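Enquirer: Show me the folded form of this:
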Amino acid sequence: MQANTKELLVQSGKALLISLVIVGSVGWKPSDSSIKIPNREVAKEKLVLIPTEGKWFLDRKAYSGFAISYFPNGKKKEQTGFINGKRQGLSQEWYENGLLKKDITYLANRKDGRSQSFNEKGVLVSESNFINGVVHGVQRKWYPSGKVFKEMNINMGKEDGMQKVWWENGKLYVNYEAKNGRIFGLKRSALCYELENEVVQK
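Expert: Numbers count the residues shown, from 1 in each chain. Predicted structure coming up:
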């Protein structure tokens, strides 16, 4: 009797697992970011942007494929993917020394996912996250030395959570929490700082 009960429970568990897998499979759909860009390349300068449509065209047709540009030394300068005239997927830029300058992920012309920028020495200096063109999630910036400069928590374009700014010596300069439109903690001024030659510019 006990053995039969255990066997029944095992069978029920298997059936439940199979059901969950089936339901999950049926409900799952690939995101637009998984759209495959045609393996086609064209010089970026050949594309024509129609601002009113927000699309790039080649020979009067909305372009699908990759647009590439090069430095005079032959090294790649920029590569961007397009689907039906709109930027799609990973867009990258490089310095003339071959190091990556920035990478941005697009979804139908809007930033979607992680965007990063680097200095000419290859040091990561900024990292932002987006959802359908709106800033969302943790946003970070670093000094050229690699030390952290700023960290912000954003919820669909609005400050939400801890917001911090550091001097390059590691000393915390701004530290506050944004919650429901209210500020709690030390906020000496707005978090609109930028870096220029390793000096904080207000």
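
Enquirer: What's the local residue count around the nearest residue to residue 110 once chain neighbours are set aside?
Expert: Nearest non-adjacent residue to residue 110, counting by Cβ to Cβ, 6 or more residues apart in numbering: residue 133, 3.4 Å away. C-beta coordinates here come from the backbone N, C-alpha and C atoms, glycine included. Residue 133: 14 surrounding residues under other Cβ atoms under 10 Å.

Enquirer: Check the one 3 residues further on too.
Expert: Residue 136 has 19 neighbours, counted by other Cβ under 10 Å.

Enquirer: Surely it and residue 157 touch.
Expert: Yes - with contacts counted by Cβ atoms under 8 Å, residue 136 reaches residue 157, the gap being 7.2 Å.

Enquirer: Correct me if wrong, but residue 162 is in a strand.
Expert: Yes - judged by DSSP: H, G, I helix; E, B strand; the rest coil, residue 162 forms part of a strand.

Enquirer: which secondary structure element contains the residue most central in space within the chain?
Expert: Ranked by distance to the mean C-alpha position of the chain (Cα atoms, centre = their mean), the top residue is residue 114 at 1.6 Å. Element membership for residue 114, per DSSP states H and E: strand 110-118.

Enquirer: Which strands border that strand, and is each parallel or antiparallel?
Expert: strand 100-107 (antiparallel), strand 124-131 (antiparallel) (DSSP bridges).

Enquirer: Compare those and give me the one nearest residue 164.
Expert: Of all the strands paired with strand 110-118, strand 124-131 sits nearest to residue 164, with 14.7 Å by Cβ to Cβ.
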